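Visitor: predicted coordinates and the sequence they were generated for:
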Amino acid sequence: VSGGDPNWKIDCLDHGYVRLVDSMGDDLSIVRAARVSYDAAWRTGTDEGSDHKLINSLMRRGHTSPFEAVEFQFEVMAPIFVLRQWHRHRTWAYNELSGRYRELPDVYYVPRPQDIGVQSKTSKQARAFDVEHMPDIDTKVMAAAMGASFEIYRMLLAQQVPKELARIVLPLATYSHMFAKVDLHNLFHFLKLRLHEHAQYEIREYGLAILDLIQLVVPTAVSAWLDQDGMRENVLKLRRKKDDGA
Ligand SMILES: Cc1cc2nc3c(=O)[nH]c(=O)nc-3n(C[C@H](O)[C@H](O)[C@H](O)COP(=O)(O)OP(=O)(O)OC[C@H]3O[C@@H](n4cnc5c(N)ncnc54)[C@H](O)[C@@H]3O)c2cc1C
């Protein structure tokens with residue numbers, strides 16, 4: 001992977017993206033790390049079938065540390081409310097754009113009408129789509145509120161209000177920008193939680209993009225992970241939902 005290569009970038013939501021900036025290791029690194037247990041690390045790569053079998057077996061048995069041999073660094077552009085959920089994952093290392101240092105760009109997330117749904121009656125934190133009469137939400141109202149916040153923000157800056165305080169009028173939908181590093185074991189944990197159907201649609205978008213990116217680096221490990229707990233069916237379902245609405 002070479003940093004900045006557009007082929008390693010996937011667009012998410014209306015203005016966001018994930019880019020795989022850098023990675024260390026691949027499927028062979030996992031096998032090598034596992035085989036050091038019996039001092040056969042360098043036998044790795046001589047028999048592809050046995051390497052694949054070993055990765056599948058490690059995944060099934062929950063022998064997780066060999067997956068930590070692979071690391072990724074991503075560049076992420078996402079709304080603040082998505083990054084807030086992301087930052088709960090303490091096993092990542094983050095560096096983020098600072099609204100104290102620079103004026104925040106006038107970029108915010110406005111959901112597609114088909115992704116809005118209604119407040120779920122069965123889950124306090126979810127949205128539902130299985131109602132008879134879906135209300136007709138005018139997303140222009142949301143966009144107008146966010147646009148107005150940015151206008152006030154710029155007005156405050158023009159009045160010499162410090163950036164670190166002027167920003168507090170901005171919405172959670174404001175896009176922010178971070179670099180984030182994680183190893184494959186902890187990334188699988190993140191994906192398991194954030195590709196769950198109970199996770200919020202907007203962060204699931206980023207999870208799906210990450211899955212596509214890492215599949216190019218560790219195809220056997222991703223396939224072994226997808227074989228766990230109905231994950232492959234879950235991911236297929238999420239991809240269909242993405243096309244039809246959240
Ligand atoms: C659908 C969903 C709904 C959620 N709703 C809420 C909510 O309403 N309110 C809220 O506050 N959060 C909520 N969360 C966040 C959730 O509680 C976790 O904080 C978040 O998912 C990170 O998970 P984690 O701790 O397993 O991940 P990581 O921080 O990446 O940790 C990975 C693993 O490392 C271990 N670990 C890491 N740090 C420690 C530690 N200090 N001590 C012990 N073990 C550790 C644990 O085994 C952990 O599972 C929600 C998450 C999801 C997916």
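Guide: Alright, I've got the coordinates. Numbers count the residues shown, from 1 in each chain.
Visitor: what's the pLDDT at F179?
Guide: We have a pLDDT of 98 for F179.
Visitor: for the nearest residue to it once chain neighbours are set aside, give its distance to the ligand.
Guide: Distance criterion Cβ to Cβ, 6 or more residues apart in numbering; nearest residue to F179, sequence neighbours excluded, is N95 at 4.9 Å. In short, each C-beta sits where N, CA and C put it, glycine included. Distance of N95 to the ligand, given as Cβ to the nearest ligand atom, to the nearest Å: 17 Å.
Visitor: so is N95 in a helix, a strand, or just coil?
Guide: Secondary structure, DSSP: H, G, I helix; E, B strand; the rest coil: N95 is strand.
Visitor: can you check A148 too?
Guide: From three-state DSSP, the assignment for A148 is helix.
Visitor: how close does the residue located most distally from the centre of the chain sit to Y153?
Guide: Each residue of the chain has a distance to the centre, and by Cα atoms, centre = their mean the biggest one is for Q159: 37.1 Å. Here the distance between Q159 and Y153 works out to 11 Å (Cβ to Cβ, to the nearest Å).
Visitor: what sits against S29?
Guide: Applying Cβ atoms under 8 Å, 6 or more residues apart in numbering, we find S29 in contact with A69, V70.
Visitor: what about it, helix or strand, and which?
Guide: Take DSSP states H and E as the rule and S29 turns out to sit in helix 27-35.
Visitor: off-centre distance for that helix?
Guide: On the basis of Cα atoms, centre = their mean, to the nearest Å, helix 27-35 sits 25 Å off its chain's mean C-alpha point.
Visitor: let me know the average pLDDT across it.
Guide: On average, helix 27-35 scores 95.
Visitor: in what helix or strand does R239 lie?
Guide: R239 is part of helix 231-244 when elements are defined by DSSP H and E.
Visitor: how about F74?
Guide: Going by DSSP H and E, F74 is part of strand 71-79.
Visitor: near the ligand, which residues of this structure show up?
Guide: Selection of the chain residues close to the ligand by Cβ under 6 Å from any ligand atom yields R88, H89, R90, T91, N186, H189, L193, H198, A199.
Visitor: just the buried members of these?
Guide: Among those, those classed as buried by 16 or more other Cβ atoms under 10 Å are H89, N186, A199.
Visitor: tabulate the residues you listed in JSON lines, adding columns for secondary structure and distance to A126.
Guide: Shown next, in JSON lines, are those (DSSP: H, G, I helix; E, B strand; the rest coil; distance: Cβ to Cβ, whole Å):
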{"residue": "H89", "secondary structure": "coil", "distance to A126": "20"}
{"residue": "N186", "secondary structure": "helix", "distance to A126": "25"}
{"residue": "A199", "secondary structure": "coil", "distance to A126": "10"}
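Visitor: could those residues be laid out in CSV, adding distance to I210 and pLDDT?
Guide: Output for these, formatted as CSV (distance: Cβ to Cβ, whole Å; pLDDT from 0 to 100):
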residue, distance to I210, pLDDT
H89, 12, 98
N186, 12, 98
A199, 13, 95
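Visitor: between these, which sits nearest the ligand?
Guide: Ranked by distance to the ligand (Cβ to the nearest ligand atom), these are led by H89 at 3.6 Å.
Visitor: list the contacts of that closest one.
Guide: By Cβ under 8 Å, 6+ apart, the contact list for H89 reads V182, N186, H189, F190.
Visitor: of all these, which two lie farthest apart?
Guide: V182 and H189 (9.3 Å; Cβ to Cβ).
Visitor: quickly find the element holding the residue most central in space within the chain.
Guide: Geometric centre of the chain, nearest residue: Y206, 3.3 Å, by Cα atoms, centre = their mean. Y206 is part of helix 201-215, with elements assigned from DSSP H and E.
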